[in-house]
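Undergrad: quick one, structure for this:
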Amino acid sequence: MSAPELEPGYTLRLAKEDFKFAAAHFTVFPDGSGELLHGHNFRVRVEVAGPRTDDMGLLVDVAALKDQIRSVCNALDEVTLIPEKSRFLSVQHEGDSVEVRFGERDYRLPAADVTLLPLPNVTMELLARLLWDKISPALHHAANVTTLRVEVEETSGQSCAYTASTNA
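TA: Presented below is the predicted three-dimensional model:
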């Protein structure tokens, strides 16, 4: 069986120094155990791919895409990320605070320091997909882009990427 023929096309990679965010989180495991609250300096890398460029030789409006990536990173910077759809957590708003209960642990955090994510857990996998969902609207008018890949690096050498068609 021969390998499928590779379709010609372009891939643009963006991994700027300021595509990053520092955030606290803890991951919950299937058995109900979890990590201690800790932080990471997350890095974000984005690739867009497509079969052709426009008549100016551009695959995408790079400036607009970079602005969107920076905006998404800034919204997650210097906060504690809490998964509001976790079956293991209880999250309550009390005035200017957010109270999070996880097993025997109770956290009371200033609401301004918390970002509630529409996720069941805070993992690299789910962050990569969440960022894909938030970055992909910047490609709405990028007719030549067919694929978006978003990679989230938690620590050096440990990352996860989510890749999907932009036509879905």
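Undergrad: lowest confidence element among the helices and strands of this protein?
TA: Ranked by mean pLDDT, DSSP states H and E, the weakest helix or strand in the chain is strand 89-94, scoring a mean of 95.
Undergrad: which is the succeeding secondary structure element to the single longest strand found in the chain?
TA: The strand that spans the most residues within the chain, counting by DSSP state E, is strand 38-50. Counting by DSSP states H and E, the next helix or strand C-terminal to strand 38-50 is helix 62-76.
Undergrad: next, the buried residues of that following helix.
TA: 65, 66, 68, 69, 72, 73, 76 (16 or more other CB atoms under 10 Å). Backbone N, C-alpha and C define where each C-beta goes, glycine included.
Undergrad: what's the next secondary structure element after that helix?
TA: Moving toward the C-terminus from helix 62-76, the first helix or strand encountered (DSSP H and E) is strand 79-83.
Undergrad: mean confidence for that next one?
TA: Per-residue pLDDT over strand 79-83 has a mean of 98.
Undergrad: tell me which strands and helices it is in contact with?
TA: Here strand 79-83 touches strand 20-25, strand 89-94, strand 114-117, going by 3 or more CB pairs under 8 Å, 6 or more residues apart in numbering; DSSP states H and E.
Undergrad: if we can go back for a sec, so what's the gap between the longest strand of the chain and the chain middle?
TA: 7 Å (CA atoms, centre = their mean, to the nearest Å).
Undergrad: hmm, back to that, Serialize the helices and strands packed on strand 79-83 to a markdown table and add fields for distance to residue 130 and mean neighbour count.
TA: What follows is the helices and strands packed on strand 79-83, written out as a markdown table (distance: least, CB to CB, whole Å; neighbours: other CB atoms under 10 Å):
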| stretch | distance to residue 130 | mean neighbour count |
| --- | --- | --- |
| strand 20-25 | 12 | 18 |
| strand 89-94 | 17 | 13 |
| strand 114-117 | 7 | 19 |
